[in-house]
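Sequence and predicted model, in that order:
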Amino acid sequence: MKKILVTRKLLQSNEDRLKNLYDVRLNSNDELYSEKKLIDMSEGCDGILSALTDNLDAKTINNLPESIKILSNFAVGFGNIDLDAAKKRNIIVTNTPDVLTDATAEIGILLILGACRRASEGIESARASNWKWSADYLIGKQLTGTRLGILGMGRIGKKIAKIAKSLGMIIHYHNRSQLSTEKEYDATYHKDLKSLLSISDVLSICCPASKETSNMINKETLEFLPRGAVITNVARGDIVDDEALIDALNRRKVYAVGLDVYKGEPNLNPGYLKHKSAFILPHLGSATKETRTAMANLAIDNLEEFFKSGKCKNKVN
Ligand code: 8YV
């Protein structure tokens, strides 16, 4: 029987399945393992079912026991894992695409709505019962007729585009390559980032975190946006230079932000907290029972496929 380290607590049905399949080392207290503890805990294991909160950098990977052959990441993103270091060690890395597209796109839309319609301020006032209706009270930005720029038209970007279109938004996108006409759903392609940003009344960041996208939204690129644009991020905090974005909020260059992801989670840059126009969530993109169950099942399927065939269709390195 293969031995698996599961670094974070999963939903009960997923843990039950793991117990049936493997000699499994679960984390019942859901403790956040340090790099050293993770290495120690993986002693004698064949694989690790890891989470986006595990920092599997080159140093950690190089110190993993020889027996580890797979890192099955419980996430679609894999920025927490050094893919090259894993490859050098002959460790395969897998992720969980598709199953979280709908749930994450729903949060993407919530961020757009929350930021545009001043939900943070509204919630605060309603809770404090200190508001008075008036014709100009908490006036926000209407989505209908507004241009939405999607940065990264992958699975999640496409689903956000589809919902946003049904809300009357006009969809534009930037990707490394243009989609085929039937996959574009009438969205307008922009070959370069500058061109997309220059028409984005609302920007939805949906691209993966990578060396190329790190700090892609920065002091210089923010200036391409129309004045009073809204920026939302359902991808990764690494894509945004926080200081530059907070400065753009201070200058009212950016009207509002809707964020679910941050650099250095869970400690988001305190500059955002000063802004009532920041609609902020604690990385909830895939947080529904259906989706978290499906994600963990896919992470387990990936282990199964790999141990049976030595291959895995969701391999990312
Ligand atoms: C998120 C994720 O919840 O799987 C991942 O990599 O981070 C998703 O589950 C989403 O991208 C953030 O809103």
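Structure's in. What do you need?

Buried residues in stretch 187-196, which are they?
187, 190, 193, 195, 196 (16 or more other CB atoms under 10 Å). In this view, the C-beta of every residue, glycine as well, is placed from N, C-alpha and C.

Apologies, that question was intended for stretch 92-110.
92-97, 99-110.

thinking again about what came up before, is it possible to export the buried residues of stretch 187-196 to CSV including pLDDT, distance to the ligand and secondary structure?
Below are those laid out as CSV (pLDDT from 0 to 100; distance: CB to the nearest ligand atom, whole Å; DSSP: H, G, I helix; E, B strand; the rest coil):
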residue, pLDDT, distance to the ligand, secondary structure
187, 97, 20, coil
190, 98, 22, strand
193, 98, 20, helix
195, 98, 25, helix
196, 98, 20, helix
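
quick one: which two of those residues are the most distant?
Using CB to CB, the pair of the buried residues of stretch 187-196 lying farthest apart is 187 and 193, separated by 15.7 Å.

Kindly report the domain assignment for the protein.
3-99+288-309, 101-280 (automatic domain parsing).

what's the first-to-last distance across the longest one?
In this case it means domain 101-280. One end of domain 101-280 to the other measures 20 Å (CA to CA, to the nearest Å).

chain center to it, what's the gap?
Relative to its parent chain, domain 101-280 has a centroid offset of 13 Å by CA atoms, centre = their mean, to the nearest Å.

Could you do the shortest one as well?
On the basis of CA atoms, centre = their mean, the separation between the geometric centre of domain 3-99+288-309 and that of its chain is 18 Å.

tell me the mean pLDDT for that domain?
The average pLDDT within domain 3-99+288-309 is 98.

what about that domain and the ligand, any contact?
Yes: using CB under 6 Å from any ligand atom, we find that domain 3-99+288-309 touches the ligand at 52, 75, 76, 77.

Not counting sequence-adjacent ones, nearest residue to the one residue in the chain that gets nearest to the ligand?
Here the chain gets closest to the ligand at one residue, residue 285, 2.2 Å apart by CB to the nearest ligand atom. Spatial nearest neighbour of residue 285, chain neighbours left out: residue 104 (4.0 Å); criterion: CB to CB, 6 or more residues apart in numbering.

where does the one you found land in three-state SS?
When classified by DSSP: H, G, I helix; E, B strand; the rest coil, residue 104 comes out as helix.

so what pLDDT did it get?
Predicted confidence (pLDDT) for residue 104: 98.

Quick check: the gap between it and residue 36.
Note on residue 104: its distance to residue 36, by CB to CB, to the nearest Å, is 32 Å.

Buried residues in stretch 129-142, which are they?
Here stretch 129-142 shows 140, 141 as buried, counting by 16+ other CB under 10 Å.

can you pull out the strands in the protein?
Secondary structure of the chain (DSSP state E): strands located at 3-6, 23-25, 47-50, 70-73, 92-94, 147-151, 170-174, 188-190, 202-205, 229-233, 254-259, 278-280.

follow-up on the earlier one: tell me the one among the buried residues of stretch 187-196 nearest to residue 21.
Nearest member of the buried residues of stretch 187-196 to residue 21, counting by CB to CB, is residue 187, at 42.0 Å.

Verify the stated contact: that closest one with residue 157.
No: taking contacts as CB atoms under 8 Å, residue 187 lies outside contact range of residue 157: 9.4 Å.

okay, now residue 239: neighbour count?
The local packing of residue 239 (other CB atoms under 10 Å) involves 24 other residues.
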